[in-house]
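In: After the sequence you'll find the predicted model.
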Amino acid sequence: MEKKAEKLSLEQALEKLDETIAKLQSDEVSLEDSFELYKKGMDYVRLCNQTIEQVEKKVLMINQEGTLDELED
């Protein structure tokens, strides 16, 4: 994955993924270009998944005593 893509926020990565999907759906894309777009799209999917997993780990849960505890694996 490009270093630039690694620094994208979740929203930016999702936007790039949407753009990639739109390009893949175009009738003007060659088969070779489709493979490259697919690989880029999968990179964006991985980045989104990693970001979501990081956020999930930071989600706070209120325990019975009313205090906040960070969720753990």
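Out: Perfect, thanks for sending it.
In: Quick check: mean pLDDT of the host helix or strand of residue 18?
Out: Counting by DSSP states H and E, the element that carries residue 18 is helix 10-24. Across helix 10-24, pLDDT averages out at 96.
In: What segments of this protein are helices?
Out: In the chain, the segments counted as helices under DSSP state H are 3-6, 10-24, 31-58.
In: CA-only coordinates of the helix holding residue 18 in CSV, if you can.
Out: Taking only C-alpha atoms (Å, rounded to 0.1, in the frame of the first residue of the first chain), the coordinates of helix 10-24 have been written out as CSV:
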residue,chain,number,x,y,z
LEU,A,10,-11.2,6.4,7.9
GLU,A,11,-13.4,8.8,6.1
GLN,A,12,-10.8,9.5,3.5
ALA,A,13,-10.1,5.8,2.9
LEU,A,14,-13.8,5.1,2.5
GLU,A,15,-14.1,7.9,0.0
LYS,A,16,-11.1,6.5,-1.9
LEU,A,17,-12.7,3.1,-1.8
ASP,A,18,-16.0,4.5,-3.2
GLU,A,19,-14.0,6.2,-6.0
THR,A,20,-12.2,3.0,-6.8
ILE,A,21,-15.5,1.0,-6.9
ALA,A,22,-17.0,3.6,-9.3
LYS,A,23,-13.9,3.3,-11.6
LEU,A,24,-14.2,-0.5,-11.5
